[in-house]
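Sequence first, predicted coordinates after that:
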Amino acid sequence: MGTEPTLRVGLVGNGEAAAAVEADLRRIEGFELLPTGDTDSAEVLVLVHDASSEAGSQLAALREHSSVPVVLATASPSSELARWALDAGIADVVTLPLAQEAAFFAIEKAARNARRQD
């Protein structure tokens, strides 16, 4: 049986939360975590929501450089943020601290949905 291809995942964010997400993503088999800032070769981007910034401005800055699916990771989930994420075209929202199974599912789902649309 063949092995599953490695999914190239980019991480966008700063601070302790982004560092924790990076460490968690490195533990997930099947993902190649790209160097910080490499949004060009990513198949999916994980945007770590910085509570001191508005998620919309973070996404807008990201969309200037990439159109790949985005999974939003946040320590401050709310129904308002979830509705905004859906309206903004975010593929999925995961809460911090990151559960590896949930992260794997959200990122894999985002990548598969993007492939189906191509």
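Arrived safely. Numbering: from 1, shown residues only.

residue nearest the centroid of this structure?
Central residue of the chain (C-alpha atoms, centre = their mean): residue 46, 1.8 Å from the mean position.

Confirm that residue sits in a strand?
Yes. Per DSSP: H, G, I helix; E, B strand; the rest coil, residue 46 lies within a strand segment.

Touching, it and residue 7? I think so.
No. Taking contacts as C-beta atoms under 8 Å, residue 46 lies outside contact range of residue 7: 11.4 Å. From N, CA and C alone the C-beta is placed, and that goes for glycine too.

which residues do those two both contact?
Here residue 46 and residue 7 have residue 107 as joint contacts, going by C-beta atoms under 8 Å, 6 or more residues apart in numbering.

Which residues are in contact with the residue nearest to the centre of the chain?
Here residue 46 is in contact with 9-13, 21, 25, 70-73, 103, 107 (criterion: C-beta under 8 Å, 6+ apart).

tell me the mean pLDDT for stretch 31-43?
Averaged across stretch 31-43, the pLDDT comes to 89.

I should have written stretch 8-20 there, sorry.
93.

Next, the angle strand 44-48 makes with the lowest-mean-pLDDT helix or strand in the chain.
When each helix and strand of the chain is scored by mean pLDDT, DSSP states H and E, helix 55-63 comes last, with a mean of 88. Relative orientation of helix 55-63 with respect to strand 44-48: 140 degrees, computed using axes from the mean of the first three to the mean of the last three C-alpha atoms, to 10 degrees.

Can you give the distance of helix 55-63 from its chain's centre?
13 Å (C-alpha atoms, centre = their mean, to the nearest Å).

Show me which residues of it are buried.
The neighbour-count check on helix 55-63 (16 or more other C-beta atoms under 10 Å) flags 55, 58-59, 62 as buried.

Quick check: what element follows it along the chain?
Remark: after helix 55-63, the chain's next helix or strand is strand 70-74, criterion DSSP states H and E.

how far off strand 70-74 does the very next helix or strand once past that next one point, in degrees?
Once the chain leaves strand 70-74, the next helix or strand it forms, by DSSP H and E, is helix 79-87. Going by the same axes, to 10 degrees, helix 79-87 is angled at 170 degrees with respect to strand 70-74.
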